[in-house]
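Trainee: Model the following, please.
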Amino acid sequence: MPSAELLIAFFATAAVFAYIPGPAMLYAAAQTMARGRFAGLMATLGIHLGCYVHVFAAAAGLSVLFHAVPALYLAVKLAGAAYLIWLGVKLLRARDDNSATVPGIRPKSGRRAFFDSVAVEVLNPKTAIFFVAFLPQFIDASASFPIWLQFVILGTIVNLMFSSADIVCVLLAGALMKRLRQSGRARRMMQRAGGAVLVGLGTHIVLQRN
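Mentor: As a prediction, this is how the structure comes out:
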């Protein structure tokens, strides 16, 4: 494993990246506002599991393809952005369903949020680029562990730290939703706000140059 000094720097830097508000936090909060706390937690789980695709791709060196083939990076980025916008439009157009056990939250919302989130994360090439750019700074070529295993271990730790920040965001958004869910009008507004956030995230990705 890397030296103690390198690991301390790794944990400190990863914590800063994890708890700075970013797209994953906004996405998890949007799912919570639109579908409830359980759906937000399932969205966080989906993001977490989808991220392992990028961790293992980085360990195998596959993420370098995004640097080598810009057209592939652009295609995956636009596909992910389009999917986000589509999810947001669905939430904006969805009708409030009062037949669910929890007002306004359909029983299958959690499952849908999970699968949507896995797809969103897998289709996010910026995650792959992040691991390729960030992890090598803390890899020790002279360590007893092989480089690919160091990628997997450090990538898993980063993923867990990011997910912990997403969970905090979901719990805060869920607490707000709990206060508002008794009001049908407020519930519909939160659902539309969640959809608007997803559309905004997708649009932001499309307009980004890198």
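Trainee: switch to C-alpha atoms for all contacts and neighbour counts from now on
Mentor: Will do.
Trainee: Scan the helices and strands of this structure for the one with the lowest mean pLDDT.
Mentor: Across the helices and strands of the chain, the lowest-confidence element by mean pLDDT, DSSP states H and E is helix 64-68, at a mean of 71.
Trainee: CA atoms only for whichever helix or strand comes after that helix, dumped as CSV, please.
Mentor: Next along the chain after helix 64-68, taking DSSP states H and E as the criterion, comes helix 70-93. In CSV, the C-alpha atoms belonging to helix 70-93 read as follows (Å, rounded to 0.1, in the frame of the first residue of the first chain):
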residue,chain,number,x,y,z
PRO,A,70,-12.6,12.3,-27.9
ALA,A,71,-15.5,11.2,-30.0
LEU,A,72,-16.3,8.4,-27.7
TYR,A,73,-16.1,10.7,-24.7
LEU,A,74,-18.5,13.2,-26.4
ALA,A,75,-21.0,10.4,-27.4
VAL,A,76,-21.2,9.0,-23.8
LYS,A,77,-21.4,12.5,-22.3
LEU,A,78,-24.3,13.4,-24.6
ALA,A,79,-26.1,10.1,-24.0
GLY,A,80,-25.9,10.7,-20.3
ALA,A,81,-27.1,14.3,-20.6
ALA,A,82,-30.0,13.2,-22.8
TYR,A,83,-31.0,10.6,-20.2
LEU,A,84,-30.9,13.1,-17.4
ILE,A,85,-33.1,15.6,-19.4
TRP,A,86,-35.5,12.8,-20.2
LEU,A,87,-35.8,11.8,-16.6
GLY,A,88,-36.4,15.4,-15.6
VAL,A,89,-39.1,15.9,-18.2
LYS,A,90,-40.9,12.8,-17.0
LEU,A,91,-41.0,14.2,-13.5
LEU,A,92,-42.2,17.6,-14.7
ARG,A,93,-45.0,15.9,-16.6
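Trainee: Identify the residues contacting the following helix or strand past helix 70-93?
Mentor: Later in the chain than helix 70-93, the nearest helix or strand by DSSP H and E is helix 109-122. With contacts defined as C-alpha atoms under 8 Å, 6 or more residues apart in numbering, helix 109-122 is touched by 31, 35, 38-40, 42-51, 53-54, 80, 83-84, 127.
Trainee: let's go with 7 Å and repeat that
Mentor: Helix 109-122 has contacts (C-alpha atoms under 7 Å, 6 or more residues apart in numbering) with 35, 38-39, 42-43, 45-47, 49-51, 53, 80, 84.
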